[in-house]
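A.B. asks: Sequence and computational prediction follow.
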Amino acid sequence: MDFILKAKKLSKNYYSKKVLKDIDIEVPRGKILGLLGPNGSGKTTFIKIVAGLIRPSSGEILIDGQKPGVYTKSIVSYLPDVNFLFKWMRIKDAMSFFKDFYPDFDIEKARRLLEFMELTEDKRITTLSKGMVEKLHLTLVLSRKAKLYILDEPLGGIDPVAREKIIDAIVDNLNEESSMIISTHLVKDIERLFDEVAFISKGEIVLRGNAEELRVEKHKSIEEIFREVFQ
Ligand SMILES: Nc1ncnc2c1ncn2[C@@H]1O[C@H](COP(=O)(O)OP(=O)(O)OP(=O)(O)O)[C@@H](O)[C@H]1O
């Protein structure tokens with residue numbers, strides 16, 4: 001099988017604290033991986049390594065066959081779990097910012113997604129609700145033509161009805177060659193997106209596999225498996 005991401009024995013320490021311990025994760029090309037774990041389990045740390053923001057302490061990670069660096073940053077579209085937009089911006093400024101910064105940013109796609117999210121370009125960032133800011137972030141990140149999208153806790157502030165619609169939009173907007181990692185502890189609504197899942201607990205992968213095979217094997221939904229693993 002062809003993999004967009006391969007991590008082997010990946011570890012990260014903050015001083016003497018081991019935050020990731022010998023993580024093995026593989027993401028097949030064209031597939032969506034759910035990285036599932038409770039607060040503080042190491043999801044954001046792993047995602048930051050993939051985004052090239054922090055370095056692992058040991059182990060290996062290859063993205064499209066290369067170590068995190070200039071090339072991998074150009075093919076990875078990263079949705080952080082914090083607001084990355086400036087307060088002075090209107091939505092149209094955020095769009096221009098992305099267009100200038102990322103050559104693969106598709107402004108027409110962004111406009112279509114923005115309309116779908118029921119946001120208008122002249123709105124000021126400071127007047128947006130938390131859910132609206134999340135929708136804008138997703139619009140920007142999904143409008144890049146990336147090989148790998150990494151979404152850290154998307155949809156948390158978005159109401160359940162809008163969440164369903166956005167999940168459909170994520171599926172519709174992902175082309176066949178692109179892959180995605182979604183980190184979350186809100187498994188219920190999102191689980192239908194996952195092809196593969198990896199459960200992370202205290203920095204260790206405790207279970208991973210194909211989502212459908214796990215459902216069949218355990219006669220449980222991924223959410224039920226999540227509750228079982230982390231109760
Ligand atoms: N810069 C840092 N310095 C020291 N410890 C850190 C640092 N960043 C994260 N940690 C610790 O690493 C552990 C994993 O944190 P991380 O943010 O990766 O978890 P998470 O699974 O994303 O959690 P959440 O779901 O709450 O966002 C936590 O114990 C956290 O306190």
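C.D. replies: Noted; the coordinates are in hand.
A.B. asks: so what pLDDT did T139 get?
C.D. replies: On the pLDDT scale, T139 is placed at 93.
A.B. asks: correction: G52
C.D. replies: pLDDT for G52: 95.
A.B. asks: pretty sure it is touching S74, no?
C.D. replies: No: applying C-beta atoms under 8 Å, one finds G52 not in contact with S74, separated by 10.0 Å. Every residue, glycine included, has its C-beta placed from N, CA and C.
A.B. asks: Among these two, which residue is more densely surrounded?
C.D. replies: Just comparing G52 and S74: by other C-beta atoms under 10 Å the higher neighbour count belongs to G52, 18 against 15.
A.B. asks: check which helix or strand covers the closest residue to the more buried one other than its chain neighbours.
C.D. replies: Nearest residue to G52, sequence neighbours excluded (C-beta to C-beta, 6 or more residues apart in numbering): P68, at 4.0 Å. According to DSSP states H and E, P68 maps onto no helix or strand at all.
A.B. asks: State whether P68 and V50 are indeed in contact, as I suppose.
C.D. replies: Yes: the pair P68 / V50 is scored as a contact, 7.0 Å apart, by C-beta under 8 Å.
A.B. asks: need the strands for this protein, in chain order.
C.D. replies: 3-14, 17-28, 32-36, 58-63, 76-79, 148-152, 179-184, 196-201, 204-210 (DSSP state E).
A.B. asks: still on that earlier bit, and the residue nearest to G52, how many neighbours?
C.D. replies: A total of 20 residues lie near P68 under the criterion other C-beta under 10 Å.
A.B. asks: Out of the strands of the chain, the one nearest D122 is which?
C.D. replies: Closest to D122 of these is strand 76-79 (C-beta to C-beta; 23.5 Å).
A.B. asks: residues in contact with the residue positioned nearest the centre of the chain?
C.D. replies: Residue closest to the average C-alpha location in the chain (C-alpha atoms, centre = their mean): L151, at 1.7 Å. By C-beta atoms under 8 Å, 6 or more residues apart in numbering, the residues touching L151 are 79, 138, 141, 180-183.
A.B. asks: State the distance from it to L5.
C.D. replies: 14 Å (C-beta to C-beta, to the nearest Å).
A.B. asks: By mean pLDDT, point me to the weakest helix or strand of this structure.
C.D. replies: helix 160-173 (a mean of 85; mean pLDDT, DSSP states H and E).
A.B. asks: and it with strand 148-152, angle?
C.D. replies: 170 degrees (axes from the mean of the first three to the mean of the last three C-alpha atoms, to 10 degrees).
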